[in-house]
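Student: what shape does this take:
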Amino acid sequence: LRIAALLASASPNTFSVQDDLLAFPQYDVKFLDDWIGEQEAQSRLAGNRRQPEEAQQDVQQYQKPLATGEDARSEEPEEAEYERMIIDGQPWLCRIPLVKKLEPSAGVNDTLSRAEEEKELARANERGWELISAMQGNCVYFISGWWSYQFCHNQGVRQFHQLPPSRGVPVYPPIEDPGVPGYMLGTYEKRIDDDDTTNEEKWDQSALDVSEGAKRRYSKHGVLVQRGESRYLVQKLGGGTICDITGKERKIEIQFHCNPQSSDRISLIKETSTCAYLMVIQTPRLCNDVAFLPPQKDQANTITCSPILKDDQIEDYERNLKALISAEQEAKLWEATQEAAAALGDDAAAQELEPMVGDIFVGERRLVPDGIKLEKGIIVGGGKETYVDTVASSDGRLLTKEEMEQLGLGDPKAIEKLRKELENIAQGQDWKLDVIDTPRGREYRGIIGDDDEYEVEQ
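Tutor: Got it, this is the predicted structure:
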């Protein structure tokens, strides 16, 4: 039970089409805003083989992160190498962590733990195939354009063209068109055992076979594959229809993966080489054994890339970056005000507004000559603005639900969302959220700092 619990350090992570089944170890590439100087980049490229302690000393010379909070967290030093790449003319320095393989330990406790783990995985291997056997009698299908695929446990995999849905012809399951020849991709009558060297020679090594980090445990039913923290079952079937190109029988590798949030289904069918196929089946049946539950979290190794800047590029880069961050924050608030106006039922205010850059509306001078400054509260075309009330402010003022209803402000949740967005953008400055009646309709105006300094209207 102890080993089973260790094997089960898993959570309801589900299969994703973004998962690379062939890749191990996993990598995650992140492009950072933090820049690095050209001279420092050359130094790091030249010192690819230095020790982690030396690399840690370089951190002090690295530009201080512009981000704060979670984005500014520090990482423990680890061995890495650097590569230079160019994207759209901009050079980047990418830090690639060197992933170490776990070295076996000769300790007594480690030996016992490995023996217990092997025993538990042998049990899981037998139990897993017992769970999969319950699929017998229930075929699963996969429709992909012209071709459909059928998997029937203990029978095989068939590829065929389906009849178009019509009276008497259901959409699912697809019905094979007798006028179009189909193909058997593999049958259980000619299952290929991995531990049978004679049959193994008949099976050309696929990308999965040469992938690093995979451990295999064989049984009379198939193979339990362990790749990183993930475990799944594999069967290889031969005996398919003769391939016109190779002159050999078609063959297929079938993988069974645990997915607690899915019924039995084919999630992937792929021709890995000429007339050799890979099929991935997601099934909740395997999840009844903790050994096959998805890992608790992805163990992706992060590759970080930073732009390489010359000395005369740094000032412009930082100015543009801050402007971009500010524009993104304003866009979030602008979107929130539109949602709030729609939720409050103010059709006039919910109409599409002119774009805003900073505190200037694009096209603002179309009706106002240059050199003329409008009085506050005056709107082009005539009319005065009327201040209704301050809904919320940085000094703690916040209208109650009853007060909002009296003013006809509508849903308090929409107001609360707008308040949070305004508070986030203010970044410690004084702010307030006013309600203004105008000839255009009711507006919700966020003011940061002095009234003339920064306004966001809806």
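Student: please count neighbours and contacts with C-alpha atoms only from this point.
Tutor: Fine.
Student: ranges for the helices of the stretch 301-450 of the chain?
Tutor: Residue ranges of the helices in the stretch 301-450 of the chain, as given by DSSP state H, counting those that start in this stretch, are 311-343, 347-350, 401-407, 412-426.
Student: what does the stretch 151-300 of the chain give?
Tutor: So, for the stretch 151-300 of the chain - with DSSP H, counting those that start in this stretch - the helices run 197-202, 207-210.
Student: walk me through the domains of this structure.
Tutor: Here the chain is described, according to automatic domain parsing, as comprising the domains 26-98, 108-292, 314-456.
Student: make CSV from these and add mean neighbour count and mean pLDDT to it.
Tutor: Converted to CSV, the domains of the chain look like this (neighbours: other CA atoms under 10 Å; pLDDT from 0 to 100):
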stretch, mean neighbour count, mean pLDDT
domain 26-98, 14, 71
domain 108-292, 17, 81
domain 314-456, 15, 71
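Student: out of those domains, flag the one nearest P307.
Tutor: Nearest to P307 among the domains of the chain is domain 26-98; the distance by CA to CA comes to 4.4 Å.
Student: could you pull up phi and psi at T246?
Tutor: The phi and psi values for T246, taken as degrees, to the nearest 10, are phi -90, psi -20.
Student: ok, it to R445 distance?
Tutor: 72 Å (CA to CA, to the nearest Å).
Student: same question for P91.
Tutor: 43 Å.
Student: got it, and A124?
Tutor: 62 Å.
Student: can you give me the strands for the stretch 201-350 of the chain?
Tutor: 214-218, 223-227, 230-238, 251-258, 265-273, 276-283, 301-309 (DSSP state E, counting those that start in this stretch).
Student: what pairs with the second one, parallel or antiparallel?
Tutor: Using DSSP bridges, the strands paired with strand 223-227 are strand 214-218 (antiparallel), strand 230-238 (antiparallel).
Student: which one of the ones you listed lies closest to V169?
Tutor: Once the strands paired with strand 223-227 are compared by CA to CA, strand 230-238 is nearest, at 30.4 Å.
Student: what's in contact with stretch 233-242?
Tutor: 125, 128-129, 156, 183-193, 221-225, 248-257 (CA atoms under 8 Å, 6 or more residues apart in numbering).
Student: which of the strands paired with strand 223-227 sits closest to K30?
Tutor: strand 230-238 (23.9 Å).
Student: what angle do that closest one and strand 251-258 make?
Tutor: 150 degrees (axes from the mean of the first three to the mean of the last three CA atoms, to 10 degrees).
Student: restricting to C-alpha, output strand 230-238 in CSV.
Tutor: Provided in CSV are the C-alpha atoms of strand 230-238 (Å, rounded to 0.1, in the frame of the first residue of the first chain):
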residue,chain,number,x,y,z
SER,A,230,3.4,8.5,-16.5
ARG,A,231,2.5,4.8,-16.9
TYR,A,232,0.4,3.2,-19.7
LEU,A,233,-0.1,-0.1,-21.3
VAL,A,234,1.0,-1.1,-24.9
GLN,A,235,0.1,-3.8,-27.3
LYS,A,236,1.6,-4.3,-30.8
LEU,A,237,-0.5,-6.0,-33.4
GLY,A,238,0.6,-7.4,-36.8
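Student: can you tell me the closest non-neighbouring residue to I252?
Tutor: The spatially closest residue to I252, leaving aside those adjacent along the chain, is Y277, at 4.5 Å (CA to CA, 6 or more residues apart in numbering).
Student: so who does the one you found touch?
Tutor: Here Y277 is in contact with 185, 251-253, 269-271 (criterion: CA under 8 Å, 6+ apart).
Student: repeat for M184
Tutor: By CA under 8 Å, 6+ apart, the neighbours of M184 are 156-159, 239-241, 250.
Student: from those residues, which two are the most distant?
Tutor: Largest pairwise distance in the contacts of M184, by CA to CA, is 13.7 Å, between Q159 and G239.
Student: please report the distance of E335 from Y141.
Tutor: 43 Å.
Student: partners of S144 in the sheet?
Tutor: The partner residues for S144, given DSSP bridges, come to W147.
Student: from E253, how far off is it?
Tutor: Counting by CA to CA, the gap from S144 to E253 is 18 Å.
Student: and N154, by the same measure?
Tutor: From N154 over to E253 (counting by CA to CA), the distance is 14 Å.
Student: which SS class is E116?
Tutor: Here E116 is recorded as helix under DSSP: H, G, I helix; E, B strand; the rest coil.
Student: my bad, should have said F142
Tutor: F142 - assigned by three-state DSSP - is strand.
Student: right, and it touches Y149 too?
Tutor: Yes: with contacts counted by CA atoms under 8 Å, F142 reaches Y149, the gap being 5.0 Å.
Student: A300 - how many residues pack around it?
Tutor: 12 (other CA atoms under 10 Å).
Student: my read: it touches K30, true?
Tutor: No: A300 lies out of contact with K30 (CA under 8 Å); the separation is 11.6 Å.
Student: which residues touch H221?
Tutor: 129, 235.
Student: any idea how far it is from L32?
Tutor: 48 Å.
Student: try I266
Tutor: 37 Å.
Student: any idea how far Y141 is from D264?
Tutor: From Y141 to D264 the distance is 10 Å (CA to CA).
Student: equivalent analysis for F31, please.
Tutor: For F31, the distance to D264 - CA to CA - is 38 Å.
Student: ok, T386 next?
Tutor: Taken as CA to CA, the span from T386 to D264 is 63 Å.
Student: same check on G239?
Tutor: For G239, the distance to D264 - CA to CA - is 24 Å.
Student: K432 and I415, how far apart?
Tutor: For K432 relative to I415 (CA to CA), the value is 12 Å.
Student: tell me the SS of A134?
Tutor: helix.
Student: who does M85 form a beta bridge with?
Tutor: Assigned bridge partners for M85, using DSSP bridges, are W92.
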